[in-house]
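Trainee: Only the shape, not the letters, is given here:
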RNA sequence: GGUCUCAUAGCUCAACUGGAUAGAGCAACUGCCUUCUAAGCAGUAGGUUUCAGGUUCGAGUCCUGAUGGGAUCACCA
């Protein structure tokens, strides 16, 4: 049962009966009535005055009267200027709730038979994950869950950038100054240990540049000529040539990083169905360059480099293959695009990458389109904005990055302190308490990063950003714990609220009606969030629902209801809210506790 | 400089894709725990939606321009 759709079709009929006009069903739109007016749905009549040949207000009156008479859903109406506010009958709300409570797969849309691949995380293996990666990981995981709920078959993949000059820098520094330390010997987590040497490299490298500049070398030239960089580049050449020593060190250090990443991924609750490694894929794409040349989409310059001219699409000329025949970034990406299609045969392919690469993906997708790839129309760059600190942009060289592991740990400590302060751990066994702290820490963090529209850049203040009150993850988690407590009590009292006959219910309290209304919006929100790739829609929804439930909770009493019928109805309503909170937060990758 | 993008309460964010008097949270202030978890609820205060034009019944939202942030324009990834 869908109240909105039924209302729309009644309005459609009203236009025919009253004005002999066939309205376009797509054009007829309802919006929620603003709080200061009576009613639930509002129909705007301004655009239809032309059709009725009467003023917007009179049109509203006529439509309202018609609906009240001809639709069982409409129990009353009022018209303010060109706004027709419709009040919905209690019986309709109850019927709607019965349908929701009885829905087996609530929140799961019907399978649409389409496959989608979501690529996210895609870290470099030269340093640990930081705050920016967290936004990426949470977004990628959440969008994947949302698309599953929207009916897609989803695969999550991670394209690890495990080769290149950056990892050689760490390797070189380790070779020079590492003294053979390992994660085991130093007690440092693998990715952090490798990151330490990346920083070490940069320190010495900058010193060399300064020395050269002091000798009168231009800064730009000094950056290239510094011996350390030369050595790192030489190491990269050795790696590509398969030098056993270099490859062995590369394998060792990468394995440290992987075990570090694995720990972090597990901690923050993200996972992947498949890993791709650039060391395997960096040679791909050259045959596509050939193909493009044959098709006349690419052209070769005198020095042998290959380009595409995108000026007719408002872009520039773009290099796709170097003059020495080696790949550039976009060459590989063409190759991996084909590879993914070969592996998954997906209808949609989403890459979660920061918006500093907007231009790159615009070009890449355009090329794949020109090459006539069957999957080209399904490509989508989920571009997200940077995470700024109060001090400005995060810069790894300036040591202003917020490390992911550190942040999570600090959050756990904050959660623990706060929870203990409130005296919520009494009677809780230590394991449950520990799980709770982690749940709250990650709930706060994930909600904070996901509630903002992905496209927008956002501000993160480590000192005060993460709160446990108000519009936060823990607020939603708390609401769930509250309801769980109600349901435990119902259980203890042996109440079988699932058997309640909702049709026997006589009336609906305004706050109950609001809760049912919120519940009824859920499916649409899931669909919308899937279309827009926007976890923020789900986050906002979960908050609104929790907020509405808390109002209900304080305004009416569940266990002191007038009669058992009403009591059981309210328990059932609460259970439906808990279920929806659980489902919606799971789409955000957030867990909710039974007590807190 | 070219292209793209953003600008909403002191702060962090919304605004259902053009609808009513622009909403939440934080911070400030006032109430509510002898009834189901006060990490809650109710309320007060806080706005020329950066600025100037335009489009129409109607603009935070669309178009033009300006100002100010950011990104990008490598034979880096």
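Mentor: Looks like it arrived, so ask away. The model shown is predicted, which means the values in this text are computed figures rather than measured ones.
Trainee: For the spatially most central residue of chain A, give me its contacts.
Mentor: In chain A, the centroid-proximal residue (Cα atoms, centre = their mean) is residue A:139; its distance is 2.8 Å. Residue A:139 sits next to A:120, A:352, A:382, A:384, A:449-450, A:454, A:535 when contact means Cβ atoms under 8 Å, 6 or more residues apart in numbering. Where you see a C-beta, it was placed from the backbone N, CA and C, and this is true even at glycine.
Trainee: Please tell me how far it sits from residue A:472.
Mentor: 18 Å (Cβ to Cβ, to the nearest Å).
Trainee: and if you look at residue A:367?
Mentor: 43 Å.
Trainee: got it, and residue A:582?
Mentor: 17 Å.
Trainee: for residue A:181, same thing?
Mentor: Distance from residue A:181 to residue A:472, by Cβ to Cβ: 41 Å.
Trainee: Looking at these two, which is more packed in?
Mentor: residue A:472 (19 against 15; other Cβ atoms under 10 Å).
Trainee: Check the contact between that one and residue A:445; I expect there is one.
Mentor: No: Residue A:472 is not in contact with residue A:445 according to Cβ atoms under 8 Å; the separation is 10.1 Å.
Trainee: Pull up the overlap in contacts between the two.
Mentor: Listed as contacting both residue A:472 and residue A:445 by Cβ under 8 Å, 6+ apart are residue A:466.
Trainee: Quick check: which helices or strands does the helix or strand hosting residue A:76 pack against?
Mentor: Secondary structure from DSSP states H and E places residue A:76 in strand A:74-80. Counting contacts by 3 or more Cβ pairs under 8 Å, 6 or more residues apart in numbering; DSSP states H and E, strand A:74-80 packs against helix A:56-70, strand A:83-88.
Trainee: Next, format those as JSON lines and append distance to residue A:429.
Mentor: As requested, the helices and strands packed on strand A:74-80 are exported to JSON lines (distance: least, Cβ to Cβ, whole Å):
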{"stretch": "helix A:56-70", "distance to residue A:429": "57"}
{"stretch": "strand A:83-88", "distance to residue A:429": "47"}
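Trainee: To RNA strand B, which of the ones you listed lies closest?
Mentor: strand A:83-88 (3.5 Å; Cβ to the nearest atom of the strand).
Trainee: could you give me the average pLDDT of stretch A:108-120?
Mentor: For stretch A:108-120, the mean pLDDT works out to 97.
Trainee: Same check on stretch A:18-38?
Mentor: On average, stretch A:18-38 scores 90.
Trainee: end to end, how far does that stretch reach?
Mentor: 25 Å (Cα to Cα, to the nearest Å).
Trainee: buried ones in that stretch?
Mentor: A:18-19, A:23, A:30, A:33 (16 or more other Cβ atoms under 10 Å).
Trainee: And for stretch A:350-361?
Mentor: Buried, per 16+ other Cβ under 10 Å, within stretch A:350-361: A:350-355, A:361.
Trainee: pretty sure residue A:337 contacts residue A:346?
Mentor: No: assessed by Cβ under 8 Å, residue A:337 is found out of contact with residue A:346, at 10.7 Å.
Trainee: Report the two of the buried residues of stretch A:18-38 separated the most.
Mentor: A:19 and A:33 (23.8 Å; Cβ to Cβ).
Trainee: So is stretch A:327-342 next to RNA strand B?
Mentor: Yes: interface with RNA strand B: stretch A:327-342 contributes A:327-329, A:332 (Cβ under 7 Å from any atom of the strand).
Trainee: swap in stretch A:223-236?
Mentor: No: judged by Cβ under 7 Å from any atom of the strand, stretch A:223-236 and RNA strand B are separated, with a smallest distance of 9.7 Å.
Trainee: between the buried residues of stretch A:18-38, which is closest to residue A:171?
Mentor: Of all those, residue A:30 has the smallest distance to residue A:171: 61.6 Å, by Cβ to Cβ.
Trainee: For the closest one, list each beta-bridge partner.
Mentor: Listed beta-bridge partners, residue A:30: residue A:43 (assigned using DSSP bridges).
Trainee: quick one, what contacts it?
Mentor: Contacts of residue A:30 (Cβ under 8 Å, 6+ apart): A:4, A:7-8, A:41-43.
Trainee: Could you dump those into CSV with distance to RNA strand B, pLDDT and neighbour count added?
Mentor: Conversion of those to CSV gives the following (distance: Cβ to the nearest atom of the strand, whole Å; pLDDT from 0 to 100; neighbours: other Cβ atoms under 10 Å):
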residue, distance to RNA strand B, pLDDT, neighbour count
A:4, 10, 92, 17
A:7, 14, 95, 21
A:8, 13, 94, 20
A:41, 9, 96, 21
A:42, 3, 96, 20
A:43, 9, 96, 27
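Trainee: farthest pair in those?
Mentor: Longest span within the contacts of residue A:30, Cβ to Cβ: A:8 and A:42, 12.7 Å.
Trainee: Strands - which of the buried residues of stretch A:18-38 land there?
Mentor: Judged by DSSP state E, those include residue A:30 as members of strands.
Trainee: Sticking with the closest residue to RNA strand B within chain A, tell me its helix or strand.
Mentor: Evaluated by Cβ to the nearest atom of the strand, chain A has residue A:470 as its residue closest to RNA strand B, separated by 2.0 Å. If you go by DSSP H and E, residue A:470 is not part of any helix or strand.
Trainee: of all the residues in the stretch 301-450 of chain A, which ones are close to RNA strand B?
Mentor: A:301, A:303, A:305, A:314, A:316, A:319, A:322-324, A:327-329, A:332, A:355-360, A:386, A:393, A:415, A:418-419, A:422, A:424, A:436, A:440.
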